[in-house]
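Novice: Here is my input, please return the structure:
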Amino acid sequence: LQEHSVVLIRGGRVKDLPGVRYHTVRGTLDTSGVGERRQGRSKYGAKRPKS
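Specialist: As a prediction, the model looks like this:
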């Protein structure tokens, strides 16, 4: 991620960080997905691994 990257955001607070009310959606636009992710893949933009 760089200074002028375009990201997709969704709502969702972080309780212990004042003023943070948003999360980025991983795996969309300029953000990359999380590699080697097995469970909860859709939230992290990870494709289904080959069996």
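Novice: For the residue positioned nearest the centre of the chain, which residues are in contact?
Specialist: Closest residue to the average C-alpha location of the chain: residue 26 at 2.4 Å, with C-alpha atoms, centre = their mean. Contact analysis of residue 26 by C-beta atoms under 8 Å, 6 or more residues apart in numbering lists 32-34, 43-45. For the C-beta atoms, the positions are set from N, CA and C on the backbone; glycine is no exception.
Novice: Wait, residue 10 touches residue 25, no?
Specialist: Yes - proximity of residue 10 to residue 25 meets the contact threshold set by C-beta atoms under 8 Å, at 5.6 Å.
Novice: neighbour-wise, which of those two wins?
Specialist: residue 25 (15 against 10; other C-beta atoms under 10 Å).
Novice: Do I have it right that the more buried one meets residue 11?
Specialist: No - under the criterion of C-beta under 8 Å, residue 25 makes no contact with residue 11, lying 10.9 Å away.
Novice: For residue 36, list the residues it contacts.
Specialist: Counted by C-beta under 8 Å, 6+ apart, residue 36 has contacts 46, 49.
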